[in-house]
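Participant: kindly return the folded structure for what I paste below:
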Amino acid sequence: MMTSQHVPSLPHEPYPLILAHALDPAFIKQLTVHFENLKPDEFNSADKQANKEKGVWGRHRAYGEISCVEDKYIQLPPRPFTQSQDINQANGGVNRWFPELDAALVADDVFVHLVKHFHRHMLDGQPGVLGIHFIRTNCVGGEGAPAPEGPHRDGFDKVGMLTVNRHNISGGRTQLLPQLQEGDPKCDEVLLDSVLEESQVLIINDEHYRHSVTAITADDPKQKAFRDVIVVTSSFKDLL
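Facilitator: Numbering: from 1, shown residues only. Model prediction:
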């Protein structure tokens, strides 16, 4: 499952990252079929009303939570994804009911191995909950916004990001900034600015960093252009 590949260069102390590595591309590519069936993210602030009326969506998404206890991984009953207003100014305090991860995906051996991988690296193998987001960002009108909210935290212990596909696009640079008090001269210092290539993983301490992704543009505007990622959040507190 693991392979040696180039990974983004990392900042040094006092901003330690958790982990950056690459997985086997052929292994990860097997998940592509599940992105093709994603439903529109109706809460995406980057989708203009005109696009929605035409049935054109900038983001498709699915979400689910997995209980991790030893080597037992169980999909939890659906519940909304909620963040506080101070974490997410666009959708904070809103119960966002995203489309669920479908049964075929959860039963996929590749998905199960991926859950085990993130359980080990994000929860240190301890009991906890992984929130798993499958997200496709499309270029609409030649451009797409993977992170329309800009630099932000997700409000969890750790956040993992895995790029599955970069199809017909440029841009989409992953950026990390320190989580400091507003007004601190280093608050807007960009610690990492790198394209997370296909099969590359970045896991960060969500309490220490804000993260963002720059816009993507279509290399050929006449063809489909999209970026597929899996975002994983971890929490020791939410075990049901």
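Participant: what's around residue 69, how many residues?
Facilitator: 13 (other CB atoms under 10 Å). Quick note: C-beta positions are derived from backbone N, CA and C, even for glycine.
Participant: tell me how far it lies from residue 165.
Facilitator: Distance, residue 69 to residue 165, by CB to CB, to the nearest Å: 31 Å.
Participant: the biggest helix by length in the chain: which residues count as buried?
Facilitator: With secondary structure taken from DSSP state H, the chain has its longest helix at helix 109-122. By neighbour count with 16 or more other CB atoms under 10 Å, helix 109-122 contains the buried residues 111, 114, 115, 117, 118, 119, 121, 122.
Participant: check stretch 127-141 too.
Facilitator: Within stretch 127-141, judged by 16+ other CB under 10 Å, the buried ones are 128-140.
Participant: any chance of the residues you listed in a markdown table with pLDDT as columns?
Facilitator: Listed next are the buried residues of stretch 127-141 as a markdown table, based on pLDDT from 0 to 100:
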| residue | pLDDT |
| --- | --- |
| 128 | 94 |
| 129 | 94 |
| 130 | 97 |
| 131 | 95 |
| 132 | 96 |
| 133 | 96 |
| 134 | 98 |
| 135 | 97 |
| 136 | 97 |
| 137 | 96 |
| 138 | 94 |
| 139 | 94 |
| 140 | 88 |
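Participant: between those, which sits nearest residue 62?
Facilitator: residue 134 (4.6 Å; CB to CB).
Participant: right, and the closest one touches residue 232 too?
Facilitator: No - here residue 134 does not reach residue 232: they are 10.3 Å apart, not a contact under CB atoms under 8 Å.
Participant: what's the overlap in contacts for these two?
Facilitator: Counting by CB atoms under 8 Å, 6 or more residues apart in numbering, residue 134 and residue 232 have no contacts in common.
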